[in-house]
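Engineer: Model the following, please.
(chains A and B)
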Amino acid sequence: MGGFLTRNRLRGAAWLLGLLCLAGLFLSPRAAAMTAEEIIQRRDSNEYVQTVIVEAEMVILNNNRKLTKAMTSYADGDNALTIFTNPRDRGTKFLKRGDELWMFFPDAEELVKISGHMLNQGMMGSDFSYQDIMESDKLTDLYEFQLVGEEELDGRQCYVLEGTAIPGEEVSYHRRKAWIDRERFVGLKEELYARSGRLLKVMTTTKVEQFEDRWYPVEAVMEDKLRKNTRTEFIVKSIEFNPVIPTETFTLENLR
Amino acid sequence: MFLTKLALKNLIRYRTRTLAVGLIIAFAVFFYILFDALMAGMNEMSYEGIIDYETGHLQIVNSSYWQEEKKLPLDDLIPLDLLRRIKLEEVQGYRGSSAELAFQARLNNGINELPVVGRGVVPEDLLSVFSLADKFVEGEMFSSGEQRVVMGKRLADLMDVGVGDYVILLVRDKNNTFNTIEAEISGLVHTINHNVNNFLVYMPLDVAQEALAVDDVVSKVVVRLDHKEQAPQAAGVLESKLQRLDGDLAVYKWDDTDALSFSSYAATENQIILGIILLIAAIAIINTVILAALERMREIGTMKAMGLDVREIVYLFVIESTGIGVLGGCIGLVMGAVGVWYLVRFGVDFSAMAQLDMTSFGVPVLGKTHGVWNPNAFITVFAFGVAVSFLSSILPGYWAAAKDPIQAIQHR
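Structural biologist: Now for the predicted structure:
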């Protein structure tokens, strides 16, 4: 999953690190004069990696129930493979190939294509829907962003951007509002709205780390605002940028 | 003629045995007829459950939509102004029609979410086509334009909501964008239809169209006729009307739906159960005939000693056995007729007997289940009883007749 997110963030995706969203560029002297689109594009460019391997943990909190899932993700371009490694889900795999999402259950030895209304369900019971992880188009192609102001968020100065879906474009969320760290160009918070104006999800970055020349969000929380007392924490344990991943990693044969 | 008379006399002489074997056949016939009538009644109820709550008698749908109907797409919908040009009321037997916009949604009560099927409808039309008016267990039907919904009582119980509570339906509109419909629950229904009870959420058509960002279009139009037998003819008339308007529109009869594949599966299952009843009866008959042959070994020996050949003895056995079959069959037919009459007239309330709501198991039974007269079942099972009695006596007859007369007389 981490892999999916990282690679799709370049494309403005919501997948994993994409859900962590809006990683930053270093503040440049021109930053203050930047337009909303430039901010988004520089954030996207900053986050883009051709290939990535991520080890991560997903902590799902639902009322008093707490589930922890560990995973390793491999991503290359539009393809990504996530393998769950915690005892309960060990061997469960997700494969994203372009616009298709496949899941493999080791107990049933069954390969399932996730499509239609199943995409709206929470991935492995989390607050991330399958659709969230499938978004892979560039956000600036889908939304018209506006810089609506600047705010301080948890002690960090942020640009506040608001994106509204371009009419006719297929997007999951009609409107999204993002808080981007002014200094590091990391997305610190994002609100996702339905067309009715109702807030559906809030993703908050809780920890950012520097990897050589880039800042990367490594911990984030996703909250489904339609449901009370539920949230999912996503924690990157380790991340390797630009590794060599064999092409056959992303085949259906490898999923079984 | 002598042997025939002797065989018939034997039936009377051994009246206890005749009656005992005859009753086995009678009960087999009785249970078969009763079970068949009950299954036919339940089948009829399941058809009604589908017609009354899902398909009506006819459905006007875009043929491309029909192929993808399970996914409830928001493509290939029918413009309502096109439908207004079809004079549906001219169709023979027409009673009403209801346009509906079906879509997938997730029902949210603020804590949990469940996948459901939303149906945008015009309330008055819905009630004219589907038998929902008297199925409200709480509340009432909404009016057009209201942000209110009606759903199954069971679904509401599962979501822990009731009349007056607000729920959110999370949907994806025509552009695949999330949208929400916040609505008050105006009424709860409980029907024999499993889908209505558990998965359907009705709301005003205009509210659904707005939420799904579609124009004045619907997924289908459901037509109600006076009788289901009128469906084939009415479908033909409508089809020709539609062809003149839009070649993509098609008419599907109530029995064209996938929902009925389950019914046909159930019918096959019933046939298997009926087959098992007949098999048990056949084994009982064969067993009894063999025992009767053993019992009468000395008598057979005497008959052989008096000059009767094998064929005559077998003939005697066959006539006697067939006679018992006819007698048992007749008693069974009378018992069956009384049983079916009771089922047709009074029905049987399984829910009350089991203290369970049968619809919760997907069994389309609410209140009493009534039987259905099926003359074919009477003929079939009677013929079967007689045939088994006839066939099952041949081998024991040969076996007994082949015995040496002295050994047979000394047989104990």
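
Engineer: Can you spell out the domain ranges of chain B, please?
Structural biologist: Listed by automatic domain parsing, the domain ranges of chain B are B:2-50+B:261-410, B:77-247.

Engineer: Could you give me the buried positions within the host helix or strand of residue B:21?
Structural biologist: In the assignment (DSSP states H and E), residue B:21 maps to helix B:15-50. Under the neighbour-count criterion of 16 or more other Cβ atoms under 10 Å in any protein chain shown, helix B:15-50 has B:17-19, B:21-47, B:49-50 buried. C-betas here are computed from N, CA, C, even on glycine.

Engineer: ok so, going back, do you know which of the domains of chain B lies nearest chain A?
Structural biologist: domain B:77-247 (4.3 Å; Cβ to the nearest Cβ).

Engineer: Any part of that closest one near chain A?
Structural biologist: Yes: Domain B:77-247 is in contact with chain A by Cβ under 8 Å from any Cβ of the partner chain, via B:104, B:106, B:108, B:110-113, B:115, B:168, B:170, B:172-173, B:175-182, B:211, B:213.

Engineer: Out of these, which end up buried?
Structural biologist: B:104, B:106, B:108, B:110, B:113, B:168, B:170, B:172-173, B:175, B:177-181, B:211, B:213.

Engineer: Could I get the full set of helices for chain A?
Structural biologist: A:2-10, A:17-20, A:36-47, A:130-134, A:139-142, A:252-255 (DSSP state H).

Engineer: re earlier: and the domains of chain B, which one is worst for confidence?
Structural biologist: Set side by side, the domains of chain B differ in mean pLDDT, and domain B:2-50+B:261-410 is lowest with a mean of 81.

Engineer: Report the distance from that domain to the chain centre.
Structural biologist: For domain B:2-50+B:261-410, the gap between its own C-alpha mean and the chain's C-alpha mean amounts to 24 Å (Cα atoms, centre = their mean, to the nearest Å).

Engineer: is any part of whatever helix or strand residue B:66 lives in close to chain A?
Structural biologist: Following DSSP H and E, one finds residue B:66 within helix B:63-67. No: in terms of Cβ under 8 Å from any Cβ, no part of helix B:63-67 sits within range of chain A; the closest distance is 14.5 Å.

Engineer: Report the buried residues of that helix.
Structural biologist: Using 16+ other Cβ under 10 Å as the test for burial, helix B:63-67 gives residue B:65.

Engineer: Packing partners of whichever helix or strand comes after it?
Structural biologist: Note on helix B:63-67: by DSSP H and E, the next helix or strand toward the C-terminus is strand B:78-79. Counting contacts by 3 or more Cβ pairs under 8 Å, 6 or more residues apart in numbering or on different chains; DSSP states H and E, strand B:78-79 is packed against strand B:58-62, strand B:217-218.

Engineer: Direction included, what does strand B:78-79 pair against?
Structural biologist: strand B:217-218 (antiparallel) (DSSP bridges).

Engineer: Which residues outside the partner strand are in contact with it?
Structural biologist: By Cβ atoms under 8 Å, 6 or more residues apart in numbering or on different chains, the surrounding residues in contact with strand B:217-218 are B:77, B:78, B:79, B:80, B:83, B:99, B:100, B:101, B:120, B:205, B:209.

Engineer: how does it look with 10 Å?
Structural biologist: B:60-62, B:74, B:76-83, B:98-102, B:120-122, B:174, B:205, B:208-209 (Cβ atoms under 10 Å, 6 or more residues apart in numbering or on different chains).

Engineer: What are the boundaries of the strands in the chain?
Structural biologist: Since no chain was named, I'll use chain A. A:51-62, A:65-76, A:79-84, A:93-97, A:100-105, A:110-114, A:143-153, A:156-165, A:175-181, A:187-193, A:199-211, A:214-224, A:230-241 (DSSP state E).

Engineer: that answer is for a different chain, and I need it for chain B
Structural biologist: B:58-62, B:78-79, B:94-108, B:113-121, B:136-139, B:148-152, B:166-172, B:178-189, B:200-204, B:217-218, B:220-225, B:249-253.

Engineer: Now distance to residue B:325 too, for those strands, in a markdown table please.
Structural biologist: Output for the strands of chain B, formatted as a markdown table (distance: least, Cβ to Cβ, whole Å):
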| stretch | distance to residue B:325 |
| --- | --- |
| strand B:58-62 | 47 |
| strand B:78-79 | 59 |
| strand B:94-108 | 49 |
| strand B:113-121 | 53 |
| strand B:136-139 | 51 |
| strand B:148-152 | 50 |
| strand B:166-172 | 63 |
| strand B:178-189 | 51 |
| strand B:200-204 | 51 |
| strand B:217-218 | 59 |
| strand B:220-225 | 45 |
| strand B:249-253 | 42 |
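
Engineer: who wins for proximity to residue A:38 among those?
Structural biologist: Evaluated over the strands of chain B, closeness to residue A:38 peaks at strand B:178-189, with 27.6 Å, by Cβ to Cβ.

Engineer: from what I can see residue B:409 touches residue B:302, true?
Structural biologist: Yes: if you go by Cβ atoms under 10 Å, residue B:409 and residue B:302 touch, sitting 6.3 Å apart.

Engineer: show me what contacts residue 204?
Structural biologist: With no chain named, the answer covers chain A. By Cβ under 10 Å, 6+ apart, the contact set of residue A:204 is A:20-21, A:153-154, A:179, A:187-191, A:217, A:219-223, A:231, A:233.

Engineer: my question was about chain B
Structural biologist: Counting by Cβ under 10 Å, 6+ apart, residue B:204 touches B:120-123, B:141-149, B:183, B:210.

Engineer: For residue A:44, state which of those is nearest.
Structural biologist: residue B:210 (33.9 Å).

Engineer: And the helix holding residue B:21, what does it pack against?
Structural biologist: In terms of contacts (3 or more Cβ pairs under 10 Å, 6 or more residues apart in numbering or on different chains; DSSP states H and E), helix B:15-50 is packed against helix B:2-13, helix B:194-198, helix B:259-295, helix B:310-345, helix B:375-401.

Engineer: Pick the most deeply packed of the ones you listed.
Structural biologist: Across the helices and strands packed on helix B:15-50, averaging neighbours per residue (mean count of other Cβ atoms under 10 Å in any protein chain shown) puts helix B:194-198 on top, at a mean of 22.

Engineer: and that helix, how far out from the chain's middle?
Structural biologist: That offset, for helix B:194-198, works out to 17 Å (Cα atoms, centre = their mean).

Engineer: likewise stretch B:37-56?
Structural biologist: Relative to its parent chain, stretch B:37-56 has a centroid offset of 6 Å by Cα atoms, centre = their mean.

Engineer: Using CSV, write out every CA atom in it.
Structural biologist: C-alpha atoms of stretch B:37-56 as CSV (Å, rounded to 0.1, in the frame of the first residue of the first chain):
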residue,chain,number,x,y,z
ALA,B,37,-49.3,-28.7,-3.1
LEU,B,38,-47.3,-26.9,-0.4
MET,B,39,-44.2,-26.4,-2.6
ALA,B,40,-46.4,-25.2,-5.4
GLY,B,41,-48.0,-22.8,-3.0
MET,B,42,-44.6,-21.5,-1.8
ASN,B,43,-43.4,-21.3,-5.3
GLU,B,44,-46.4,-19.2,-6.2
MET,B,45,-45.7,-17.0,-3.2
SER,B,46,-42.1,-16.5,-4.2
TYR,B,47,-43.3,-15.5,-7.7
GLU,B,48,-45.7,-13.1,-6.1
GLY,B,49,-42.9,-11.8,-3.8
ILE,B,50,-40.9,-11.0,-6.9
ILE,B,51,-43.7,-9.5,-8.9
ASP,B,52,-45.2,-7.6,-6.0
TYR,B,53,-42.0,-6.0,-4.9
GLU,B,54,-39.4,-6.1,-7.6
THR,B,55,-40.3,-6.7,-11.2
GLY,B,56,-44.0,-6.1,-11.6
